[in-house]
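Chemist: next come a sequence and a model predicted from it.
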Amino acid sequence: MAGNIISINISEKKGVRKKPVDEVVINENCGLEGDAHASSGWHRQVSLLALESIKKMQEKGLDVKPGDFAENITTEGLDLISLPLGTKLSIGSDVIGEVSQIGKECHNRCAIYYQAGDCVMPKEGIFIKILKGGRIRKGDTIEVRNEK
(Lines give C-alpha, C1' and ligand atoms only; values in the text may rest on other atoms or scores of the structure.)
Protein backbone atom coordinates (compact mmCIF):
# COMPACT_ATOMS: atom_id res chain seq x y z
CA MET A 1 0.00 0.00 0.00
CA ALA A 2 1.25 3.44 -0.89
CA GLY A 3 0.09 7.03 -1.14
CA ASN A 4 1.51 10.49 -1.63
CA ILE A 5 2.13 13.61 0.44
CA ILE A 6 -0.29 16.28 -0.75
CA SER A 7 0.69 18.88 1.86
CA ILE A 8 3.18 19.31 4.73
CA ASN A 9 1.85 21.65 7.43
CA ILE A 10 3.43 23.34 10.44
CA SER A 11 2.49 25.95 13.05
CA GLU A 12 4.44 27.75 15.75
CA LYS A 13 1.54 27.45 18.23
CA LYS A 14 -0.79 24.60 19.18
CA GLY A 15 -4.51 24.82 18.53
CA VAL A 16 -4.32 26.74 15.25
CA ARG A 17 -4.58 25.85 11.58
CA LYS A 18 -1.23 24.90 10.13
CA LYS A 19 0.47 26.57 7.16
CA PRO A 20 1.83 24.56 4.21
CA VAL A 21 5.55 24.24 3.49
CA ASP A 22 7.17 22.54 0.49
CA GLU A 23 9.67 20.53 2.52
CA VAL A 24 10.73 19.98 6.11
CA VAL A 25 13.19 18.04 8.23
CA ILE A 26 11.65 15.46 10.55
CA ASN A 27 13.80 14.68 13.56
CA GLU A 28 14.03 11.17 14.99
CA ASN A 29 11.86 10.68 18.09
CA CYS A 30 10.63 14.28 17.83
CA GLY A 31 8.69 15.47 14.78
CA LEU A 32 8.69 18.27 12.23
CA GLU A 33 11.22 21.08 12.73
CA GLY A 34 9.40 24.33 13.40
CA ASP A 35 6.13 22.71 14.48
CA ALA A 36 4.64 23.32 17.93
CA HIS A 37 3.66 19.64 18.32
CA ALA A 38 7.21 18.31 17.80
CA SER A 39 8.33 16.75 21.06
CA SER A 40 10.49 13.86 22.12
CA GLY A 41 9.28 11.29 24.59
CA TRP A 42 5.67 11.04 23.51
CA HIS A 43 3.86 9.00 20.88
CA ARG A 44 2.01 11.72 18.93
CA GLN A 45 5.00 13.29 17.18
CA VAL A 46 3.48 13.67 13.70
CA SER A 47 -0.19 13.70 12.67
CA LEU A 48 -1.54 12.50 9.33
CA LEU A 49 -4.93 13.03 7.72
CA ALA A 50 -6.09 11.85 4.30
CA LEU A 51 -7.20 14.31 1.63
CA GLU A 52 -10.16 11.97 1.19
CA SER A 53 -11.26 12.86 4.76
CA ILE A 54 -10.92 16.58 4.05
CA LYS A 55 -13.06 16.16 0.93
CA LYS A 56 -15.84 14.70 3.13
CA MET A 57 -15.92 17.98 5.04
CA GLN A 58 -15.85 19.99 1.80
CA GLU A 59 -18.88 18.01 0.62
CA LYS A 60 -20.68 19.23 3.78
CA GLY A 61 -20.15 22.76 2.49
CA LEU A 62 -17.07 23.72 4.48
CA ASP A 63 -14.32 25.82 2.96
CA VAL A 64 -11.42 23.76 4.31
CA LYS A 65 -8.08 22.73 2.90
CA PRO A 66 -5.01 20.72 3.95
CA GLY A 67 -3.61 22.00 7.27
CA ASP A 68 -6.95 23.34 8.50
CA PHE A 69 -7.40 20.29 10.74
CA ALA A 70 -3.94 20.90 12.27
CA GLU A 71 -2.51 17.77 10.62
CA ASN A 72 1.21 17.75 9.84
CA ILE A 73 0.99 15.60 6.72
CA THR A 74 -1.97 15.44 4.33
CA THR A 75 -1.93 12.21 2.34
CA GLU A 76 -3.75 10.86 -0.70
CA GLY A 77 -4.27 7.27 -1.78
CA LEU A 78 -3.53 5.59 1.56
CA ASP A 79 -6.32 4.32 3.83
CA LEU A 80 -4.82 5.67 7.05
CA ILE A 81 -7.48 4.48 9.51
CA SER A 82 -7.14 0.89 8.31
CA LEU A 83 -3.49 0.78 9.42
CA PRO A 84 -3.07 -1.13 12.69
CA LEU A 85 -1.03 0.26 15.58
CA GLY A 86 2.63 -0.59 15.08
CA THR A 87 2.46 -0.35 11.26
CA LYS A 88 5.70 1.09 9.92
CA LEU A 89 5.64 3.71 7.18
CA SER A 90 8.39 4.90 4.85
CA ILE A 91 7.94 8.60 4.15
CA GLY A 92 10.01 9.94 1.28
CA SER A 93 13.43 8.38 0.87
CA ASP A 94 14.64 8.68 4.47
CA VAL A 95 11.95 8.88 7.15
CA ILE A 96 10.46 5.88 8.96
CA GLY A 97 7.49 6.29 11.26
CA GLU A 98 5.34 3.90 13.28
CA VAL A 99 1.58 4.25 13.78
CA SER A 100 1.16 5.02 17.48
CA GLN A 101 -2.46 6.22 17.74
CA ILE A 102 -5.57 6.17 15.58
CA GLY A 103 -7.91 9.08 16.13
CA LYS A 104 -7.96 11.20 19.25
CA GLU A 105 -10.32 12.54 21.86
CA CYS A 106 -11.29 16.09 21.09
CA HIS A 107 -11.45 17.82 24.49
CA ASN A 108 -12.16 21.29 23.13
CA ARG A 109 -14.47 21.61 20.17
CA CYS A 110 -12.57 23.31 17.38
CA ALA A 111 -13.89 25.96 14.98
CA ILE A 112 -14.39 23.26 12.33
CA TYR A 113 -16.69 21.31 14.65
CA TYR A 114 -18.83 24.39 15.28
CA GLN A 115 -19.04 25.19 11.55
CA ALA A 116 -19.99 21.66 10.45
CA GLY A 117 -21.25 19.94 13.55
CA ASP A 118 -18.47 17.40 13.03
CA CYS A 119 -14.70 17.12 12.58
CA VAL A 120 -12.81 14.33 10.83
CA MET A 121 -9.47 14.58 12.65
CA PRO A 122 -10.59 12.86 15.90
CA LYS A 123 -11.99 9.88 13.95
CA GLU A 124 -9.84 9.65 10.83
CA GLY A 125 -6.51 11.23 11.72
CA ILE A 126 -3.58 9.06 12.83
CA PHE A 127 -0.40 9.76 14.74
CA ILE A 128 3.07 8.33 14.28
CA LYS A 129 6.29 8.36 16.24
CA ILE A 130 9.47 8.90 14.24
CA LEU A 131 11.91 5.99 14.24
CA LYS A 132 14.29 7.51 11.65
CA GLY A 133 14.44 11.16 10.69
CA GLY A 134 15.23 12.91 7.43
CA ARG A 135 13.83 15.38 4.93
CA ILE A 136 10.41 15.05 3.29
CA ARG A 137 8.92 17.00 0.40
CA LYS A 138 5.47 17.64 -0.96
CA GLY A 139 4.78 14.90 -3.54
CA ASP A 140 6.91 12.25 -1.78
CA THR A 141 5.58 8.72 -1.49
CA ILE A 142 4.37 7.17 1.78
CA GLU A 143 4.55 3.38 1.80
CA VAL A 144 3.51 0.72 4.25
CA ARG A 145 6.64 -1.28 5.06
CA ASN A 146 6.32 -5.04 4.92
CA GLU A 147 8.25 -5.91 8.05
CA LYS A 148 7.56 -8.79 10.37
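Modeler: Ah, there it is. Numbering: from 1, shown residues only.
Chemist: tell me the SS of Ser39?
Modeler: coil (DSSP: H, G, I helix; E, B strand; the rest coil).
Chemist: quickly note the distance from it to Lys14.
Modeler: According to Cβ to Cβ, to the nearest Å, Ser39 and Lys14 sit 10 Å apart. The way it works is simple: take the backbone N, C-alpha and C, and place the C-beta from them, glycine included.
Chemist: Arg137 now?
Modeler: 25 Å.
Chemist: neighbour count for these two, which is higher?
Modeler: Arg137 (13 against 9; other Cβ atoms under 10 Å).
Chemist: and that one, what does it touch?
Modeler: 5, 8, 22-23, 92 (Cβ atoms under 8 Å, 6 or more residues apart in numbering).
Chemist: which of those residues are buried, as a PyMOL select command?
Modeler: Of the contacts of Arg137, the buried ones can be selected in PyMOL as follows, counting by 16 or more other Cβ atoms under 10 Å:
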select buried, resi 5+8+92
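Chemist: now the contacts of Arg137 as a markdown table including secondary structure and distance to Asn72?
Modeler: Listed next are the contacts of Arg137 as a markdown table, based on DSSP: H, G, I helix; E, B strand; the rest coil; distance: Cβ to Cβ, whole Å:
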| residue | secondary structure | distance to Asn72 |
| --- | --- | --- |
| Ile5 | strand | 10 |
| Ile8 | strand | 7 |
| Asp22 | coil | 14 |
| Glu23 | strand | 13 |
| Gly92 | coil | 13 |
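Chemist: farthest-apart pair in the contacts of Arg137, please.
Modeler: By the measure Cβ to Cβ, Asp22 and Gly92 form the most distant pair in the contacts of Arg137, at 12.5 Å.
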